[in-house]
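*Asks:* 3D model of this:
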Amino acid sequence: MAYKSILSFLSSASELDTTLPDAIQFSQSHDAHLTACMLGVDLTPAGGFYMGASPVLLQETLERAQTEAEALEARGRHQLEGQSLRWSVDSAIAQFGGLPMLVGQRARFADLVIQSRPYGADVTPAQEAVIEAALFEGRAPVLVLPHKGLKPDFGKRVMIAWDQSHEALSAVRRAMPLLKAADEVMVVIVDPPAHSAERSDPGGLLTQMLARHGVRAEVAVLAKTMPRIADVLLRHMEDSDSSLMVMGAYGRSRLREAILGGPTRDVLEHAERAVLLAH
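*Replies:* Below you'll find the predicted structure:
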């Protein structure tokens with residue numbers, strides 16, 4: 001597998017300034033086609049229009065979203081013109097509740113979706129919804145960029161967050177082009193269960209699979225010395241100077257993670273380096 005169809009959804013001017021340059025750089029390095037989809041999103045909550053409200057009000061919000069999408073499309077074309085890669089730009093509008101269907105239909109035909117981190121300053125509610133829709137409805141891997149952009153040595157040291165789950169294995173498979181190109185790959189396991197199938201050799205079967213793809217990986221077994229697994233992973237990512245973490249996304253329900261928290265949400269909230277997710 002290779003990344004030949006790259007897709008990025010952009011719903012604000014700040015995303016154009018931060019996400020699109022990294023998406024261009026990534027696509028160029030992989031000789032891939034980049035599609036930039038500019039989103040105009042009507043953020044009016046479901047039920048926001050009372051019964052009997054004028055259809056004109058709804059029309060006005062959609063027209064505003066259309067104007068925003070067209071403005072983003074014009075800016076995106078200007079940024080991409082003259083770049084040495086194959087690219088296309090289009091725009092789409094949707095109400096917030098319709099984002100999963102729109103994003104899912106487009107993401108399912110992409111090898112990789114590139115998005116910015118959905119938490120922090122200057123982010124929109126649409127950014128988190130787009131990532132989740134690409135993962136669940138589109139079944140596509142998502143490369144989540146840090147706010148400061150990709151490091152110059154992006155991809156040289158890669159860390160795999162391994163917990164034996166289906167989601168983690170899916171992420172490893174989707175990240176294979178990056179793993180094969182990396183100088184160093186580390187499989188990180190936090191507090192492996194004593195009675196798991198891999199209890200005698202944590203990460204052994206995974207490293208064997210990787211070796212058959214030409215990827216030499218080391219295994220690091222870490223104790224849970226901090227309250228959250230995400231904290232242990234992020235600290236090790238910094239300590240090992242890894243520029244990318246590969247991890248499974250939402251091993252438990254999205255609703256439960258949204259309310260109670262979970263490794264996926266915790267990592268996305270605090271990661272200062274790139275994360276590749278797959279479900």
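*Asks:* the helices in the stretch 51-200 of the chain, which residues?
*Replies:* 55-80, 99-107, 125-136, 166-174, 176-181 (DSSP state H, counting those that start in this stretch).
*Asks:* so how far is the last one from its chain's centroid?
*Replies:* The chain centroid and the centroid of helix 176-181 are separated by 17 Å under Cα atoms, centre = their mean, to the nearest Å.
*Asks:* What residues sit buried inside it?
*Replies:* Judged by neighbour count (16 or more other Cβ atoms under 10 Å), helix 176-181 contains these buried residues: 176, 177, 178, 179. For glycine as for every other residue, the C-beta is placed from the backbone atoms N, C-alpha and C.
*Asks:* what do you get for the fourth one?
*Replies:* For helix 166-174, the buried set under the neighbour-count rule, 16+ other Cβ under 10 Å, comprises 167, 168, 169, 170, 171, 172, 174.
*Asks:* would you turn the buried residues of helix 176-181 into TSV with distance to residue 239 and pLDDT?
*Replies:* As requested, the buried residues of helix 176-181 are exported to TSV (distance: Cβ to Cβ, whole Å; pLDDT from 0 to 100):
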residue	distance to residue 239	pLDDT
176	25	98
177	26	97
178	21	98
179	20	98
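*Asks:* thinking again about what came up before, residue 88: which of the helices of the stretch 51-200 of the chain is closest?
*Replies:* Of all the helices of the stretch 51-200 of the chain, it is helix 55-80 that lies closest to residue 88, at 8.7 Å by Cβ to Cβ.
*Asks:* Show the average pLDDT along the closest one.
*Replies:* For helix 55-80, mean pLDDT rounds to 88.
*Asks:* for that helix, packing partners?
*Replies:* The contact analysis (3 or more Cβ pairs under 8 Å, 6 or more residues apart in numbering; DSSP states H and E) places helix 55-80 against helix 13-29, strand 33-42, strand 86-95.
*Asks:* could you give the angle of the last one to helix 125-136?
*Replies:* Strand 86-95 and helix 125-136 meet at an angle of 110 degrees, taking axes from the mean of the first three to the mean of the last three Cα atoms, to 10 degrees as the criterion.
*Asks:* what would the helices of the stretch 51-200 of the chain look like in CSV with distance to residue 235?
*Replies:* Formatted as CSV, those follow (distance: least, Cβ to Cβ, whole Å):
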stretch, distance to residue 235
helix 55-80, 36
helix 99-107, 31
helix 125-136, 23
helix 166-174, 19
helix 176-181, 22
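*Asks:* Need the winner for burial among the ones you listed.
*Replies:* Ranked by mean neighbour count under mean count of other Cβ atoms under 10 Å, these are led by helix 125-136, which reaches a mean of 23.
*Asks:* now this protein, which segments are flagged as low pLDDT?
*Replies:* The model of the chain has pLDDT under 70 over residues 45-58, 251-261.
*Asks:* do that again at 80, thanks
*Replies:* 1, 44-59, 193-200, 251-261 (pLDDT under 80).
*Asks:* Among the buried residues of helix 166-174, which one lies nearest to residue 144?
*Replies:* residue 171 (11.9 Å).
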